[in-house]
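**Q** Sequence first, predicted model second:
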Amino acid sequence: MPERHEEHAATPEAHLHDAGEKGHEEHAGTPEGAHEEHAEGEGEQVVSLPGNELGRLGIRIAEATAGTLTTHVEFPGEVRLNEDALIHVVPRIGGIVREVRATLGDRVRQDDVLAVLESRDLADLKAEYLAARERVELRQATFEREKELFEKQLTPEQDYLEARQAVREAQIQMTAVEQKLHAVGFAEKYLKSLPSHPDAALTLYDLTAPADGTIIEKHITRGEVLEETSQPFTIADLSTVWIDLKVYQRNIPQVRRGQTVRITAGEGVEPSTGVISYIGPVVGEETRTSLARVVLPNPDGRWRAGMFITGQVAAGRTSVPVVVLKTAIQTIEDRRVVFVRSDEGFHPRTVQLGREDADQMEVLEGLQPGQQYAATGAFILKAELVKGSIDPHAGHSH
């Protein structure tokens, strides 16, 4: 059978040949062990690459060794809003909706105006405050005049004391109204400027965001009447979410606070890791599961409330004689293979696999400790092998 060589754009000067053709020429005089290893590859094709191309193609060589597999337990779960960072926005006074300035999905900052209400109750309260303020100023002026006359002994002490008492009573009344306005959300700075506001503004109430976040619920339209118990908006801080895991009764002893959890949601969502912060003390009567919760950072918003996820928790560690990285395993014609490195190139060695963890797989047969293999980039070698085996014109080209 003639020697076959092939060059591809993806792998410059890659050569594909039968391991059995060149073995006696290239390995004459090699140690007996090398002959035995070569015998295992009899009839196998070999992919040869220049050594300086391995790094450029992302092919990294590793050595098969004994290792430790971390066994895991998986739990189903769901992404939920962090209820500790959830805010129901409520008006502090009833009124008719005059404007709506925010909608679903809007990201808002604290004190942003979400809606404007027109409230007669608020107008009455502001008018009461303005009257109380004017009353204080008037009685203060009367008191100052009575005080001056009393000091000059031009008025009886009783008039002076009554004027002072009138000031105190007026101040108490104004303070009471101030407290009501503070409760509605008006700061002292606003109250001081209130006398300069136009009369039309007395009825207006700005419904503002109490904190930064994203509007996830909206129940408000122009013209409707809102009560103090209404919840026109719900704001959520989505920078963190809850991951609620269902822990089966038999697995509860394997779960503890502070334990790391790997969280996956299938294709298209990058996995994340978090830490269990809460374990429920009760097992559900129907589900026979308990709750384990992870507070997961969500800065890019990839985790959305309602998504179904799987949480993976480390349950133990097991030592095995031979392990390889999962990235090394390829499938060729229903065979699981690892590309083993030799002087000739890379042999696709059929292996029997055993247990696995997130990154490694146990090799039961087909690979010995100390043998070098393609730990990453093995798919490139597979592509070379498959392409060479189906190309009827494969030949040595430069």
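**A** Thanks, I have the structure now.

**Q** Now do the same for Trp242: helix, strand or coil?
**A** Secondary structure, DSSP: H, G, I helix; E, B strand; the rest coil: Trp242 is strand.

**Q** Pull the number of nearby residues for it.
**A** 22 (other Cβ atoms under 10 Å). (C-beta placed from N, C-alpha, C; glycine too.)

**Q** do the same with the one 4 residues further on
**A** The local packing count at Lys246 equals 17, with neighbours defined by other Cβ under 10 Å.

**Q** Isn't it up against Val73?
**A** No - Lys246 is not in contact with Val73 according to Cβ atoms under 8 Å; the separation is 11.9 Å.

**Q** tell me the contacts of Gly370?
**A** Each residue near Gly370 by Cβ atoms under 8 Å, 6 or more residues apart in numbering is listed here: 63-65.

**Q** out of these, which are inside strands?
**A** Residues of those located in strands (DSSP state E): 63, 65.

**Q** Out of the contacts of Gly370, give me the one that has the most neighbours.
**A** Ala64 (23 neighbours).

**Q** Can you tell me how far that residue is from Gly105?
**A** The gap separating Ala64 from Gly105 is 52 Å, by Cβ to Cβ, to the nearest Å.

**Q** Bridged to Ile87, which residues?
**A** Beta-bridge partners for Ile87, by DSSP bridges, are Ile235.

**Q** Quick one, grab the pLDDT at Glu151.
**A** Looking at Glu151, its pLDDT stands at 84.

**Q** so where's the stretch 1-150 of the chain uncertain?
**A** For the stretch 1-150 of the chain, applying pLDDT under 70 flags the ranges 1-44, 50-52.

**Q** for it, what spans make up the strands?
**A** 15-18, 45-48, 60-63, 65-81, 86-89, 95-100, 107-108, 113-118 (DSSP state E, counting those that start in this stretch).

**Q** The closest residue to Arg135 other than its chain neighbours: neighbouring residues, count only.
**A** In this structure, Arg135 finds its nearest non-sequential neighbour in Ala170, 4.7 Å apart by Cβ to Cβ, 6 or more residues apart in numbering. With neighbours defined by other Cβ under 10 Å, the count for Ala170 comes to 21.

**Q** Thought Ile309 was touching Glu78, still the case?
**A** Yes - Glu78 lies in contact with Ile309 (Cβ under 8 Å); the separation is 6.7 Å.

**Q** Which one's more surrounded, the two?
**A** Ile309 (23 against 14).

**Q** which residues are in contact with both of Glu78 and Ile309?
**A** With Cβ under 8 Å, 6+ apart as the test, Glu78 and Ile309 both reach Ile243.

**Q** Would you mind finding the longest helix in this protein?
**A** The longest helix of the chain (DSSP state H) is helix 120-151.

**Q** Output stretch 250-257 as CSV, nothing but the C-alphas.
**A** Provided in CSV are the C-alpha atoms of stretch 250-257 (Å, rounded to 0.1, in the frame of the first residue of the first chain):
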residue,chain,number,x,y,z
ARG,A,250,-31.6,10.9,50.8
ASN,A,251,-29.1,13.6,49.7
ILE,A,252,-29.7,16.1,52.6
PRO,A,253,-26.6,14.8,54.5
GLN,A,254,-24.4,15.6,51.5
VAL,A,255,-25.5,19.3,51.4
ARG,A,256,-24.3,22.0,53.8
ARG,A,257,-24.1,25.8,54.0
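
**Q** Give the buried residues for that stretch.
**A** 251, 254-255 (16 or more other Cβ atoms under 10 Å).

**Q** and for that stretch, what are the contacting residues?
**A** 73, 75, 247, 276-279, 283, 290, 292, 313, 315.

**Q** I'd like the average pLDDT over it.
**A** On average, stretch 250-257 scores 91.

**Q** Stretch 331-342 now?
**A** pLDDT averaged over stretch 331-342 gives 91.

**Q** for that stretch, how far is the first residue from the last?
**A** The straight-line separation of the ends of stretch 331-342 (Cα to Cα, to the nearest Å) is 20 Å.

**Q** can you pull the buried residues of that stretch?
**A** For stretch 331-342, a neighbour-count test (16+ other Cβ under 10 Å) marks 336-342 as buried.

**Q** Gln259: which of the strands of the stretch 1-150 of the chain is closest?
**A** strand 65-81 (10.6 Å; Cβ to Cβ).

**Q** Tell me the strands beside the closest one, with direction?
**A** By DSSP bridges, strand 65-81 pairs with strand 240-248 (antiparallel), strand 308-325 (antiparallel).

**Q** Deepest in the core, which of those is it.
**A** strand 240-248 (a mean of 21; mean count of other Cβ atoms under 10 Å).

**Q** Any chance you could list what contacts the helix or strand just after it?
**A** Beyond strand 240-248 in the direction of the C-terminus, DSSP states H and E gives the next helix or strand as strand 260-264. Residues from elsewhere that reach strand 260-264, judged by Cβ under 8 Å, 6+ apart: 72, 77, 243, 245, 271-276, 292, 294, 296, 309-314, 358.

**Q** All set, thanks.
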